[in-house]
Each structure stands twice: as C-alpha cells, then as structure tokens.
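>>> the following block contains a protein sequence and its predicted model.
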Amino acid sequence: AAVPALAAALDDPRPDVRRRAAQVLWRAGPLTTELVAPLLEPLSRALASEDAVLRAGAAAVFVNQGPMARAAVPALVKAAADEDRDVRLWAVQALGSVDADAAIDALVPAMKDPDPAVRAAAALSAGSAFVKGEKAVEGLVASLADDVQDVRVAGAGGLWALARPASVPALLPATKDANAQVATSSLHALGAIGDPAGCDALLSGLKDDRPEVRTAAAYALGGMDAAIDRVMPALLETLKHAESGMRSSAASALGRLGPGAAPAAPALAVALADESESVRMMASSSLIDLAGPGQIDALVRALKDPSANVANYAAQTLGRIGPAARSALPALDAALPDADASTATAVLLAIGHIGGGDAALARRIRDERPRLSGYPAAQALFAIASVEPDAEKRDEAVGELVALLDDEGIASQHVLFLLGSLEGEAATAVPALRKRLEVERDRAAAAIALIQIEGSAGAMEIVAAEIRKGNAFAASWLTYLGEAARPLAPALREALLF
C-alpha cells in the first residue's frame, strides 16, 4: 500500500515531499518486480527534474533495483552526464546495477569524469562480468594510470572481472603498483586471462615485499596452464615457503592447473601433513583431480584429519581414484560412524565409486542409513548397491534409490547421476529411467544414465537433441560417459559448446 503513495509523492508539487519519497524508497532497499514496475515512470521523471537533490535521490533508488529496472536505462544514461556531481555518481552506480552492458557507451566517458569518485564508480560498473565486447577495456586500462588510488583499484578490479586478453599489456606494470590492492587485482586478472605473456609478472610477484601481493601471485599462477612447464616448478618450490598463505595459494594453484599438474601429486600428498589447516585443505582439494594410487596412504591418513573439510576432500579423492583405491575401504568404513553429514556423503560416494563385493561393508552401511536423510541417504544406497555381492539385496538398494526420484528433499538429477554411475548394476532401474524421459527437467540426466546402464541408442539421440538446444547441463554431464560420448561430438560442435 505504501508504494503507490510513494510513487504519487514523487510527482508532488512540494519539493520536500518529493525528496522525502525518494529517500524512503532508497532506504527500502531492493523491491519485488511487482513493486518496482509502478515506480519506473515516476522515478524516471524525477531523474529529469530541475531539483538536483531529487535527481540524485531517484538515481540512488535504482542502485538497489538491479535488472528489474532496465526500462530506466535511457533516463539513467542521461543522468550519468548530469551537471551535478552527486547525480552522476548515483547514476553510474545504478547503471552498473541495472544493465552495465546496455549502458557501456555512457560508462566509458564517465571513467574520465573530473570527479574521482565518479570515475571510480564508473570503473566498478564497467567492470562487470556481464559486460560484453571490448569497449569497457579501454576505459578501465586508462583507470590504471589514474592519480587517485581508488580509481586504480576499481580499474584493476574491473579488468580482473572482464579477464580480456587486450588488457594484458596494461596489467603487467600494474602488478607493481604502490597500492597493494591494485597490484593483487592485476595479478589475479593476469591469472584469469591465462595468457603466457603474463607469466613473468606473476613469477616476479612471488618475490614482492608485500605478503598479500605474494600470495595473490601464487594463487594466480593456477591460471597459467598454457605455461605449465615454467609455472609448476615455481609452485612446487612455493609449497615449501615459510608462510602458510603462500603454501596454501600454491597448493590451490597446482590443482587449478589441471591434469598436466599430476606430477605435483606426491608433493601435495606431503602437504596433507602441513601444520596449517588451510594448506592441508587446499592440498586435499587439489588432489581430487591430480591424485593417483601412489597417494592412497596419505589420503587414508587425511581421513582422520581434525578438519572436516580435509577429511571430506580426502574421501572425494579416494572416490575419484576408484577401484584402485580398494585398500582404502577399511579406513572409509571406519570414518563413517563419526562423520558429519557432509563428510558422510563424501565417504559413501567414495565407497560407491571404489566398489567391489563386500557383504560386511554393505551391512554396516545399511546399519548407518537410518540416521541419514536426503543426500547422505542417497549416497548410502549408492554405496550399498556398489559393494553388495548379493544380487537381490543390490536390486533392493537400487529400488530404494529409484524411489528417491520423487523425494522433494533431494534433486532428482543427483539421483539419476548415482543410478548412471552404477552402470549395469542398476539394470532394474531402466523402466523408471525411461519414464523419467518424459519429465523435461530430468530428460537429459535420465538419458545419460540410460547410456551408462545399457548403451541406449535412443537415449543418445535424446542427449544430442538436448545439446543442440543449448542445454549446457547435458553437455557438462558428458564427462561421465567417457569414450561413450564420442558419437555426441557433432552435436557439441553444432552447439559450439566445446
């Protein structure tokens, strides 16, 4: 009831009433779509008022409303060039919130505004990850040379968010900026871009006098997979650094380098015993994609880590190693009774992915299941179906897993993922999966599960159709199919998703 009254008050002949209405709306914060709609026209009129205070107040209201206020972009663009500094400041902030991409032609000149606060706000708005094209880069690059450090900070942060190769030449000297925030954002930007031309600056940053800059350089090296031969030795050395922040950043970076960093797995396994919880956590996280059978003993020890996160990642990694980690099953079994819900989920998934006949283990998991609900319960059924040697009991677990497809407490796609991971052991689920093809949100996941379980040609055609429609979810799930996904390559090419 208050919004219609406030909308009317914006057109009141009394200046103080209009100003007060704008102030109340600003203090109200983000509004629902239904409440914003009737305010768009009166607020846009207020932006054209002769009263500068009202114009600034109206622009400030739009800062909180985001994309719901896109219809006001033309009025805000005009306000970004207003003669009043406060109006310009609020307007450029609002454009960043509402639709920076549509307003980039107004934000670029605003980055040259005579007022530094406006320049900084314009740089922050232009540096939105949603801004397409290259128009913003030129203005943000110029911001890096601004005399005012807040403007340089905003410019470096914007270039980090955009991560465009054209900004690399300007970012290189900015990594040595006197302001640590400018330097760290510039380093992160180079890492996000991943151009090998930034490699020297990142390696040099490892020796910076400022600890926050050094750790940023170490972390950013994780984006330099194109220069992995130069980067990995430096990161392995940094993994031995006296500062825990450096060791932690190096451990994280090694994991983000991707499969090419697999030779770093032994060093990361050693880091699982680091005195710093942060280092152990980053090392265990990175090992998820890099570890092999040689790291099993270290991962088993990590299951007893006092940090639940470290234990969780260790369990995930053992699951990724798969059947080769069968020697870890007793330790995973022992970790289950005291595990919190999140770690129990990881432990059960690991047991399921390692698999192998073990009636006693299946029985113990079955005993644990009553205390589990939601996702951990689904993982428990998955683990039972994986390790249970008795076909009848295995089918029973698969049937219970199928029943969870209608459980509102767990995403059906996750259940479909678990059923597909069981491959042929989930053959009894095929009728339910075929029926699930009729549910639009589950169609791609059900089809992929059918391919895993029975190699269904019809399901392959469904997945191809979903990919051609631009279903990125379907494309991302192809990693679970391995070589079986090869026939889907033409669909991926057509959708430009690979």
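Structure's in. What do you need? All values derive from a computational prediction rather than experimental measurement. Numbers count the residues shown, from 1 in each chain.

>>> so the closest residue to residue 342 other than its chain neighbours: helix, strand or coil?
In this structure, residue 342 finds its nearest non-sequential neighbour in residue 312, 5.8 Å apart by Cβ to Cβ, 6 or more residues apart in numbering. Quick note: C-beta positions are derived from backbone N, CA and C, even for glycine. Per DSSP: H, G, I helix; E, B strand; the rest coil, the secondary structure class of residue 312 is helix.

>>> tell me who's in contact with residue 43.
Counting by Cβ atoms under 8 Å, 6 or more residues apart in numbering, residue 43 touches 10, 22, 25, 58, 61-62, 72.

>>> phi and psi next, for residue 274.
Phi and psi for residue 274, reported as degrees, to the nearest 10, are phi -60, psi 150.

>>> burial of the residue lying closest to it once chain neighbours are set aside, as a residue count?
Nearest-residue entry for residue 274: residue 280, 5.2 Å, with adjacent residues in sequence omitted and distances by Cβ to Cβ, 6+ apart. Neighbours of residue 280 under the rule other Cβ atoms under 10 Å: 26.

>>> just to revisit the earlier point, got the contacts of residue 43 as TSV, with pLDDT and neighbour count columns?
TSV is the format used below for those (pLDDT from 0 to 100; neighbours: other Cβ atoms under 10 Å):
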residue	pLDDT	neighbour count
10	95	25
22	96	26
25	95	29
58	97	34
61	96	29
62	96	30
72	95	26
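
>>> what is the nearest of the residues you listed to residue 246?
Closest approach to residue 246 among these (Cβ to Cβ): residue 62, at 43.0 Å.

>>> the helix or strand containing that closest one - contacts with which helices or strands?
Residue 62 belongs to helix 52-63 when assigned by DSSP states H and E. Applying 3 or more Cβ pairs under 8 Å, 6 or more residues apart in numbering; DSSP states H and E, we find helix 52-63 packed against helix 15-28, helix 40-47, helix 73-79, helix 85-99.

>>> the following helix or strand past the first one - what's its average pLDDT?
It refers to helix 15-28. Using DSSP H and E, the helix or strand that directly follows helix 15-28 along the chain is helix 33-36. The average pLDDT within helix 33-36 is 90.

>>> buried sites along helix 33-36?
For helix 33-36, a neighbour-count test (16 or more other Cβ atoms under 10 Å) marks 35-36 as buried.

>>> by contact count, what packs against it?
In this structure, helix 33-36 packs against no helix or strand, with contacts taken as 3+ Cβ pairs under 8 Å, 6+ apart.

>>> may I have it as CSV, with CA atoms only?
Presented in CSV, the C-alpha positions along helix 33-36 are these (Å, rounded to 0.1, in the frame of the first residue of the first chain):
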residue,chain,number,x,y,z
THR,A,33,9.2,-6.9,-9.5
GLU,A,34,5.6,-6.1,-8.8
LEU,A,35,6.6,-3.1,-6.6
VAL,A,36,9.3,-1.8,-8.9
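
>>> returning to what we had before: so can I have TSV of the helices and strands packed on helix 52-63 showing distance to residue 250?
Formatted as TSV, the helices and strands packed on helix 52-63 follow (distance: least, Cβ to Cβ, whole Å):
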stretch	distance to residue 250
helix 15-28	45
helix 40-47	50
helix 73-79	44
helix 85-99	34
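
>>> and the gap between the residue nearest to residue 128 when sequence neighbours are not counted and residue 136?
With sequence-adjacent residues excluded and distances taken as Cβ to Cβ, 6+ apart, residue 128 is closest to residue 100, at 4.2 Å. From residue 100 across to residue 136, the span is 8 Å (Cβ to Cβ, to the nearest Å).

>>> overlap in contacts, those two.
Counting by Cβ under 8 Å, 6+ apart, the shared contacts of residue 100 and residue 136 are 107, 126.

>>> so which of the two has more stuff around it?
Counted by other Cβ under 10 Å, residue 100 and residue 136 do not tie: residue 136 has more neighbours, with 28 against 25.

>>> leaving aside the residues next to it on the chain, what's closest to the more buried one?
Nearest non-adjacent residue to residue 136 (Cβ to Cβ, 6+ apart): residue 126, at 4.2 Å.

>>> and for the one you found, the neighbour number?
Residue 126 is flanked by 33 other residues according to other Cβ under 10 Å.

>>> pLDDT below threshold where in the chain?
Applying pLDDT under 70 to the chain flags residues 1, 129, 494-498.

>>> returning to that earlier point: mind listing what the residue nearest to residue 274 touches?
271-274, 302, 305, 307, 310.

>>> phi, psi of the residue nearest to residue 409 when sequence neighbours are not counted?
Closest residue to residue 409 apart from its sequence neighbours, by Cβ to Cβ, 6+ apart: residue 374 at 4.7 Å. Taking degrees, to the nearest 10, you get phi 60, psi -130 for the backbone angles of residue 374.

>>> contacting residues around residue 374?
Neighbouring residues of residue 374 by Cβ under 8 Å, 6+ apart: 407, 409-410.

>>> before we move on, what about residue 368?
Each residue near residue 368 by Cβ under 8 Å, 6+ apart is listed here: 336-337, 344, 380.

>>> which among those gets closest to residue 229?
Using Cβ to Cβ, those come closest to residue 229 at residue 344, 40.4 Å.

>>> roughly how far does that closest one sit from residue 105?
Remark: distance between residue 344 and residue 105 (Cβ to Cβ) = 53 Å.

>>> comparing the two, which residue is more hemmed in?
Per other Cβ under 10 Å, whichever of residue 344 and residue 105 has more neighbours is residue 344, with 24 against 10.

>>> quick one: the nearest residue to the more buried one once chain neighbours are set aside and residue 402, what's the gap?
What sits nearest to residue 344 in space, not counting adjacent residues and going by Cβ to Cβ, 6+ apart, is residue 376, at 4.9 Å. Counting by Cβ to Cβ, the gap from residue 376 to residue 402 is 18 Å.

>>> higher neighbour count, these two?
When residue 376 is set against residue 402 and neighbours are counted by other Cβ under 10 Å, the residue ahead is residue 376, at 25 against 20.

>>> from what I can see the more buried one touches residue 347, true?
No. Contact criterion Cβ atoms under 8 Å: residue 376 and residue 347 do not qualify, at 9.2 Å.

>>> would you mark the buried spots in whichever strand or helix holds the residue nearest to residue 274?
Secondary structure assigned from DSSP H and E places residue 280 in helix 277-290. Neighbour counts over helix 277-290 (16+ other Cβ under 10 Å) mark 278-290 as buried.

>>> which among these gets closest to residue 40?
Using Cβ to Cβ, the buried residues of helix 277-290 come closest to residue 40 at residue 285, 45.3 Å.

>>> list the contacts for residue 64?
Contact analysis of residue 64 by Cβ under 8 Å, 6+ apart lists 26, 28-31, 97.

>>> and it, how far is that from residue 375?
Residue 64 is 35 Å from residue 375, by Cβ to Cβ.

>>> report the separation between residue 319 and residue 418.
The spacing between residue 319 and residue 418, counted by Cβ to Cβ, is 12 Å.

>>> can you pull the buried residues of stretch 147-157?
Judged by neighbour count using 16+ other Cβ under 10 Å, the buried positions of stretch 147-157 are 150-157.
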